[in-house]
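Peer 1: Structure, please.
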Amino acid sequence: MRAPLCLSIALALSGCGAGGNSEAAQTAVPSALVSTVAPAQGSLPQTVTAYGSVAPALNGTRTLNEAQPGQITRLMVVPGTAVRRGQPLATFATAPASRSLYRQAIDALTAARKQRTTTAQLLSQHLATQDQLVQAEKAVSDAQTALAALQADGAGNGEQTLTAPFDGVVTAVSVAQGDRTQAGAPILTVAKAGGIVVTAGVDPAERGRVAVGQSASLVRLSGGTPLAGRVLRVSTALNAKTRMIDVDVAFPAGSLLPGEGMQVAISTGQIAGWVVPHRSVVTAGRPAHVFQVGGGKAVAVPVTVLLASDAGDVVSGPIDPRHRLIVDGAYQVSDGAAVRWTR
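Peer 2: Below is the predicted model of the structure:
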């Protein structure tokens, strides 16, 4: 009797143990922890991204020079100096040789006038011909023209002051104090206030999307707060050096310095659809898709990416607005995988 009783107890215990293991196996289903958002429709700006630098606009600068050789006796500004219209920038002394030519032109005009007076007196006494008087008058006219040309070129000025032609910023100083310059050599370049722009290079394939008046976002390559801008000019020819299309973008006056490197995002329109976080769109290994949570499981939904940007992606596809969209963890789950989620 003892042996059958012990066997019955052992079998009963064995059966209890087997049932407990089966139940534990059914409840211990692995799941992935993901974060989710509610899907929403909307639109995002479509942009053309370009890179460039801050520089004077093509029609926003003036280079100051002198038509006569001479010497820079004093420099009063450096690159980056803000100036007002009429403000002195430098003093320039005309070369002695140019002043000598001017003096000779004055003497030549004086001599020609005297010769004309004498010829006119001789003609009145029938001691000169009318042709001789005509030649004397032509000599006076030629001397006057030569003197006027030298005066226009500043040859008669011993020393003169170069002043700012308008309110703006000195963008270049091509000489040093004491330098001797040749006729027409650049001395200073001044850019108009508001005439400094960001010139960026746009891919020629994108040129048709860019137009004057479009808004833009400007960000320094060194970082910082974005600035609002507006497209002022779109070139119709390739830049010979960069092989890109030059686009000038205006920005708030005084907020950027010439030479700063910039990233420009030009808004060319709006793209409408499902606006989703960029991290939620899975493109690895198969066509683009997102995952939604349905019945505690990840459900793959195929989508078409209409726009990808740092602000989010715009997609189209059969997204169910009642089911949340997986964001963090989208690349770690598969279709039908069990998930547990947080908002």
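Peer 1: where in this structure is pLDDT low?
Peer 2: 1-29, 156 (pLDDT under 70).
Peer 1: Distance from the chain centre to the longest helix seen in it, please.
Peer 2: Secondary structure of the chain per DSSP state H: the longest helix is helix 96-124. Relative to its chain's centre, helix 96-124 lies at 58 Å (C-alpha atoms, centre = their mean, to the nearest Å).
Peer 1: So which other helices or strands are in contact with that helix?
Peer 2: If you count contacts as 3 or more C-beta pairs under 8 Å, 6 or more residues apart in numbering; DSSP states H and E, helix 96-124 packs onto helix 130-152. (C-beta placed from N, C-alpha, C; glycine too.)
Peer 1: got the buried residues for the helix it packs on?
Peer 2: Neighbour counts over helix 130-152 (16 or more other C-beta atoms under 10 Å) mark 132-133, 136-137, 139-140, 143, 146-147, 150 as buried.
Peer 1: go on, stretch 286-296?
Peer 2: 288-293.
Peer 1: For that stretch, give me every contacting residue.
Peer 2: For stretch 286-296, the surrounding residues in contact (C-beta atoms under 8 Å, 6 or more residues apart in numbering) are 31, 34, 36, 39, 276, 280-282, 298-305, 315, 317, 319-320, 323-326, 330, 333, 335, 338-341.
Peer 1: Quick check: the gap between the residue lying closest to Gly195 once chain neighbours are set aside and Val169.
Peer 2: Using C-beta to C-beta, 6 or more residues apart in numbering and skipping the chain neighbours, the partner closest in space to Gly195 is Gly60 (2.4 Å). From Gly60 across to Val169, the span is 10 Å (C-beta to C-beta, to the nearest Å).
Peer 1: Identify the contacts common to those two.
Peer 2: 191, 196.
Peer 1: Mind checking which of these two has more residues around it?
Peer 2: Taking other C-beta atoms under 10 Å, Gly60 and Val169 do not tie; Val169 has more neighbours (24 against 20).
Peer 1: check contacts around that one.
Peer 2: 80-83, 190-191, 193, 196, 258.
Peer 1: Can you pull up the most central residue in this protein?
Peer 2: In the chain, the centroid-proximal residue (C-alpha atoms, centre = their mean) is Val198; its distance is 3.1 Å.
Peer 1: residues touching it, list them.
Peer 2: 52-55, 218, 229, 248-249, 251, 256, 262, 264 are the contacts of Val198 under C-beta under 8 Å, 6+ apart.
Peer 1: So which of those are in strands?
Peer 2: 52-55, 218, 229, 248-249, 262, 264 (DSSP state E).
Peer 1: Switch the residues you listed over to JSON lines; also include distance to Ala97.
Peer 2: As requested, the ones in strands among the contacts of Val198 are exported to JSON lines (distance: C-beta to C-beta, whole Å):
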{"residue": "Gly52", "distance to Ala97": "45"}
{"residue": "Ser53", "distance to Ala97": "42"}
{"residue": "Val54", "distance to Ala97": "41"}
{"residue": "Ala55", "distance to Ala97": "37"}
{"residue": "Leu218", "distance to Ala97": "50"}
{"residue": "Gly229", "distance to Ala97": "50"}
{"residue": "Asp248", "distance to Ala97": "43"}
{"residue": "Val249", "distance to Ala97": "47"}
{"residue": "Met262", "distance to Ala97": "47"}
{"residue": "Val264", "distance to Ala97": "50"}
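Peer 1: From those residues, keep the buried residues only.
Peer 2: Buried subset of these (neighbour count, 16+ other C-beta under 10 Å): 52, 54-55, 218, 229, 248-249, 262, 264.
Peer 1: Out of those residues, which is nearest to Val212?
Peer 2: Closest to Val212 out of these is Asp248 (9.3 Å), distances taken as C-beta to C-beta.
Peer 1: Fine by me, thanks again.
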